[in-house]
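**Q** compute the structure for the input listed below.
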Amino acid sequence: MHVTAISHDDLGAVAGNFQGRPAVLHYGDAAAEYRAVRTAAGLSDLSGRGKLRMTGADRQRFLHRVVTNDVEQLGPGEGVYACMLTPQGKIISDMTVHVRGEDLLIDVEPGMAEVLRDTLDRYALMDDVEISDVTAQYGLIGVSGRRADDCIQGLAGPLTPLPPGGNAETELSGVPATVARTHRTGEQDYDIYVPAGSADEIWKALLAGAEDSEGDSEGDGAGGGAGGGVPCVPIGYETLEVLRVEAGIPRCTAELDERIIPNEAVKDRAVSFTKGCYIGQEPVVMMEHRGRPNRLLSGLVIEGETLPEPSAVIRKDGKEAGWITTAVHGRVVDGIIALGFVRRRSMATGGPMEVEVDGAPARAEIADLPFYNPGS
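**A** Here you go, the predicted model:
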């Protein structure tokens, strides 16, 4: 299901398929979009992401009992990243849980809302919980960049600074909204949830605010307008994917699937080892006590001009050592950069590896993640 309530036709949008789903790939100049995020702010239409709403008296206690992270101790305005696992500890879906006054709002990758809802429903037999797929009811606008908070402040008015994972229920230009601090590009990232019927209005207001402020700054240097002097430009999924890979952030259906246990990729963000039981806990705890897993999410720099396909084989000394999950043409690194899973044993010996690209080997080097850290 492709969900968006935002018009992109007058912005030079180039549409295509991203991970098999219709999406805006870029707006004519992907390099400019990238620079905007690194220096100011960019807007992305994330309305197609899955969204679940959980209500009922037992909602936090129930979700706490089945997912990998601590949900029960959160108060309104707080949030957490977590995973839903199989009993064998493999990842079904990751999620970001936003605790609001009357409900939990859960964000998942496009196409995963129904999967997660059905999985949760199987465990909610005796609980006062109702789980609704509200993907089509909310527009979702991402604001990312060094000055993303300035971009939002112009519409929201004074907004209490949000810690990572925090959210606030507010109004943007009179429209009820939930603004949440998220983790998408490694820069300052915010998600803005608004009623689907108002999403285009808020999208245009954010862009118009930036345009107004640029015009003002050219005239008298005042920098007024909703954008607060911050050029806030639309960015497509191609730029988002480059930023994500440079930040070393795994994504469900790309890095995270039923082959992967959280310890291999998202343990530090997604798992609480003090919260008590949850579905799939035993394999996760056993691996933690045993030591580091046999393979880990890794960064690679790959020679050549052609991107390897997802699942391309990584080899070390002629032996299979792992596989590629996502590869992009980097910007902070000149060349092809990729995320993939590599056996620890293969990394320990050092030296180059090879990645299969179009049936031929391409030299690759392991790189520390993230490729780029905005705070450094």
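
**Q** and the helices in the stretch 101-250 of the chain, which stretches?
**A** 113-123, 148-156, 199-219, 237-247 (DSSP state H, counting those that start in this stretch).

**Q** mean pLDDT lowest for which of these?
**A** Across the helices of the stretch 101-250 of the chain, helix 199-219 has the smallest mean pLDDT, namely a mean of 69.

**Q** hang on, the earlier thing: dump the helices of the stretch 101-250 of the chain to a markdown table, plus distance to Asp133 and mean neighbour count.
**A** C-betas here are computed from N, CA, C, even on glycine. Formatted as a markdown table, the helices of the stretch 101-250 of the chain follow (distance: least, C-beta to C-beta, whole Å; neighbours: other C-beta atoms under 10 Å):
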| stretch | distance to Asp133 | mean neighbour count |
| --- | --- | --- |
| helix 113-123 | 5 | 17 |
| helix 148-156 | 27 | 23 |
| helix 199-219 | 17 | 18 |
| helix 237-247 | 22 | 24 |
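
**Q** can you lay out the ones you listed as CSV showing distance to Thr325?
**A** Compiled in CSV, these are given as follows (distance: least, C-beta to C-beta, whole Å):
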stretch, distance to Thr325
helix 113-123, 19
helix 148-156, 27
helix 199-219, 31
helix 237-247, 10
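
**Q** now for the ones you listed, which one comes closest to Ile260?
**A** helix 113-123 (15.5 Å; C-beta to C-beta).

**Q** for the closest one, packing partners?
**A** strand 50-55, helix 59-66, strand 79-85, strand 91-99, strand 130-133 (3 or more C-beta pairs under 8 Å, 6 or more residues apart in numbering; DSSP states H and E).

**Q** again, 6 Å this time
**A** strand 50-55, strand 130-133 (3 or more C-beta pairs under 6 Å, 6 or more residues apart in numbering; DSSP states H and E).

**Q** run the angle between the longest one and strand 91-99 for me.
**A** Our comparison of strand 50-55 with strand 91-99, counting by axes from the mean of the first three to the mean of the last three C-alpha atoms, to 10 degrees, yields an angle of 60 degrees.

**Q** partner strands of strand 50-55, with direction?
**A** Here strand 50-55 is paired, per DSSP bridges, with strand 104-108 (antiparallel), strand 130-133 (antiparallel).

**Q** re the thing from before, could you identify which of the helices and strands packed on helix 113-123 is most buried?
**A** strand 50-55 (a mean of 21; mean count of other C-beta atoms under 10 Å).

**Q** need the contact list for Thr178.
**A** Contacts for Thr178 (C-beta atoms under 6 Å, 6 or more residues apart in numbering) come out as Asn167, Glu169, Tyr193.

**Q** pLDDT added to those residues, as a markdown table?
**A** Below are those laid out as a markdown table (pLDDT from 0 to 100):
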| residue | pLDDT |
| --- | --- |
| Asn167 | 97 |
| Glu169 | 94 |
| Tyr193 | 98 |
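
**Q** what about those residues, which are in strands?
**A** Asn167, Glu169, Tyr193 (DSSP state E).

**Q** of these - the most surrounded one?
**A** Per-residue neighbour counts (other C-beta atoms under 10 Å) across the ones in strands among the contacts of Thr178 peak at Tyr193, which has 26 neighbours.

**Q** roughly how far apart are the closest residue to that one other than its chain neighbours and Arg49?
**A** Closest residue to Tyr193 apart from its sequence neighbours, by C-beta to C-beta, 6 or more residues apart in numbering: Thr178 at 4.3 Å. Remark: distance between Thr178 and Arg49 (C-beta to C-beta, to the nearest Å) = 14 Å.

**Q** re earlier: let me have the helices and strands packed on helix 113-123 in TSV, extended by distance to Gly12 and mean pLDDT.
**A** Formatted as TSV, these follow (distance: least, C-beta to C-beta, whole Å; pLDDT from 0 to 100):
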stretch	distance to Gly12	mean pLDDT
strand 50-55	28	98
strand 130-133	32	98
